[in-house]
Structures are given as structure tokens and as C-alpha cells.
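okay, here's the prediction I keep looking at, along with the sequence it came from:
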Amino acid sequence: MLAYDHLAAIYLEEKRAKEAIKTYQKALKINPNMPAFHLKLAMIYEKEGDKKKAISEYKQTISKDPNAVLAYNNLAYLYSEEKNELDKALSFAKRAKKLAEKSGAVTDTLGWIYYQRGEYDKALEALKEARNLEPNDPMITYHLGLAYLKNKMKPEGKKEILEALKNPNFPEAEEAKKMIKELK
């Protein structure tokens, strides 16, 4: 099975996702009880934009390994993108948090789902914790800034958003810049 994993890794390095997918699928036909391969397959599908297959593989991962934190967290995130699936998202996020209490990424996912649900006080609490756990993550910092704003704490929100903008790899930089202009 290790050979399949190495081969798939080579394909991914060469940006040949389809071949990596086929490799993991072959390995799973031989041994379907490999949660790590289901997880890797889910992550490839997610990256390739096939949300339905990603969700299916994350669920397969969890069925094989009920403690697969990353699968719970990623499922929570995928469901949070669908506004009518926020209850499912919250359920998966809470399970991930229970399994990885000290993970900034997991805590951020939970906080962001609270934010999307309009539970801004809970969002603020979770996102403060996430920021303490991962002080250099610009996405967490940005999410915290937005939660401060929703809790009518404008100076704190602005400060966090400006902090996020200091990171050159911040993917939401354009949106954050617009937000700062609106706050002036």
C-alpha cells in the first residue's frame, strides 16, 4: 500500500490529480479500510472542486476512523459554504473541536460557522481562542476582526483586519481592504 501512496504523491507533485485519484482508488479496491487514503482522496477532490465526491470520501474516512479530526473539520467547512447546511456544519465542527481542542484551524472553523449562523457572541469567543492558538494566521485574524465588527467593537475589528493585511499571503486581502475603507 505504501507504493500506491508514494506513486500518488509523485502524481500530485507533478500536478496530475487524475492519476493520483486513480492510484488511490486502485489501492482502496484492494483494501477499502484505509482511512488515510480516503482522506487523501477527499482532499484531492476538494482541491479539484468536486465537492460532492470530497464529502463522500470525508464521510468514508470518518466511517473508518471516527477520530479523523481533519475529515470532520473539512466536512464542517464544506457544509458551511452552503448556507442551508449550517446545522450539519456546526455538528461536524463541534466534533472536530472535541477531538482537537488546541487546534487553531479547528477552532477557527467552529467560530466561523457561529459567525455564519449569526451567533456573533459565540463566534467572537471561539475566534479569540483560535487567534491565541494561531497568532500568525491571517485568515483567523481576519475572521476575528469581522466578529468584533458584528459585536459592535469597531476599533478592535479594524485592528485585527489591518493585522491580517500585513501578511503578504492573505487570500482575502482585497475584501479586507474594502472593509477598511468602509470603516473610515
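Yep, it's here.

when you work out contacts or count neighbours from here on, use the C-alpha atoms and nothing else.
Noted.

now Pro135: which helix or strand?
Here Pro135, judged by DSSP states H and E, is contained in no helix and no strand.

repeat for the one 4 residues further on
Here Met139 sits within helix 138-150, counting by DSSP H and E.

residues in contact with the helix or strand following that helix?
Next in sequence after helix 138-150, counting helices and strands by DSSP H and E, comes helix 154-165. Residues from elsewhere that reach helix 154-165 (Cα atoms under 8 Å, 6 or more residues apart in numbering): 137-139, 141-142, 144-149, 170, 173, 176-177, 180, 183.

go again using 6 Å as the cut-off
138, 141-142, 145, 148-149 (Cα atoms under 6 Å, 6 or more residues apart in numbering).

next: stretch 15-27.
For stretch 15-27, using Cα under 6 Å, 6+ apart, the contacting residues are 8, 11.

what's the average pLDDT for it?
Mean per-residue pLDDT for stretch 15-27: 96.

distance from the chain centre to that stretch, please.
Its chain's average C-alpha position is 23 Å from that of stretch 15-27, according to Cα atoms, centre = their mean, to the nearest Å.

pull out the buried residues from that stretch.
Burial within stretch 15-27, assessed by neighbour count using 16 or more other Cα atoms under 10 Å, is assigned to 17, 20-21, 23-25, 27.

I'd like these laid out as CSV, including distance to Met34.
Converted to CSV, these look like this (distance: Cα to Cα, whole Å):
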residue, distance to Met34
Ala17, 19
Ala20, 16
Ile21, 14
Thr23, 13
Tyr24, 10
Gln25, 11
Ala27, 9
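
and these, which of them are in helices?
17, 20-21, 23-25, 27 (DSSP state H).

of these, which is the nearest to Gly49?
The nearest member of these to Gly49, counting by Cα to Cα, is Ala17 at 11.6 Å.

could you check how far the closest one is from Tyr79?
Distance of Ala17 to Tyr79, given as Cα to Cα, to the nearest Å: 23 Å.

cool, Ile55 as well?
On the measure of Cα to Cα, Ile55 and Tyr79 end up 9 Å apart.
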